[in-house]
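1. Sequence and computational prediction follow.
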Amino acid sequence: MATKIDKEACREAHNLVRDDATEVNWVTFKYNGSTIVPGDQGVDYETFKRKCTDDVRLFGFVRFTTGDAMSKRVKFALITWIGEDVSGLQRAKTGTDKTLVKEVVQNFAKEFVISDHKELDEDYIKNELKKAGGANYDAQTE
């Protein structure tokens, strides 16, 4: 059965993360049968990481604040999580299903496809976002 996405509901969840007036820093998009729907949302990145268990596949849209004392910048990441215990067929399907998510989540600094919990490390993600961001004014202190 072909995967579908609840675009309107997913767009609302996505907009919560992008909105500076909310405290929501992340949202997940999960599978409900063959439809991608909004999942959990929250403020703390550690809580997001706990949603990435070995038996699930999900998409996360996450807000990070990067920069230094002189300049803070908000960057967004699209994270595709595929747990270790997800079947080969579902793994393969996740790649094509991601195009549906990208119809809603269009603006992000970097995209990640992760199956290893170590790669979910917040410092690792922030460092990758910093590299993708271009100019790095921290170099003066290094």
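-> Perfect, I can see it now.

2. for the biggest helix by length in the chain, packing partners?
-> For the chain, the helix with the greatest residue count under DSSP state H is helix 88-104. Here helix 88-104 touches strand 4-5, helix 7-18, strand 35-42, strand 57-67, strand 72-82, going by 3 or more Cβ pairs under 8 Å, 6 or more residues apart in numbering; DSSP states H and E. For every residue, glycine as well, the C-beta is placed using N, CA and C.

3. Could you save these as TSV and add columns showing mean pLDDT?
-> Output for the helices and strands packed on helix 88-104, formatted as TSV (pLDDT from 0 to 100):
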stretch	mean pLDDT
strand 4-5	97
helix 7-18	97
strand 35-42	97
strand 57-67	93
strand 72-82	94
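
4. of all these, which lies closest to residue 97?
-> Residue 97 lies closest to strand 35-42 among the helices and strands packed on helix 88-104, at 6.6 Å (Cβ to Cβ).

5. Show residues contacting the closest one.
-> Strand 35-42 is contacted from outside by 3-6, 9-10, 12-13, 16-17, 24-31, 47-48, 51, 58-59, 97, 100-101, using Cβ atoms under 8 Å, 6 or more residues apart in numbering.

6. what's the angle between that strand and strand 57-67?
-> Relative orientation of strand 35-42 versus strand 57-67 (axes from the mean of the first three to the mean of the last three Cα atoms, to 10 degrees): 40 degrees.

7. Report the strands that pair with strand 35-42, each with its relative direction.
-> Here strand 35-42 has these sheet partners by DSSP bridges: strand 4-5 (parallel), strand 26-32 (antiparallel).

8. Dump the C-alpha coordinates for it into CSV.
-> Provided in CSV are the C-alpha atoms of strand 35-42 (Å, rounded to 0.1, in the frame of the first residue of the first chain):
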residue,chain,number,x,y,z
THR,A,35,-0.1,7.4,6.7
ILE,A,36,2.6,9.8,8.0
VAL,A,37,1.1,11.9,10.8
PRO,A,38,2.5,14.2,13.5
GLY,A,39,3.9,12.3,16.5
ASP,A,40,5.3,13.8,19.6
GLN,A,41,6.7,17.3,20.2
GLY,A,42,8.7,18.9,22.9
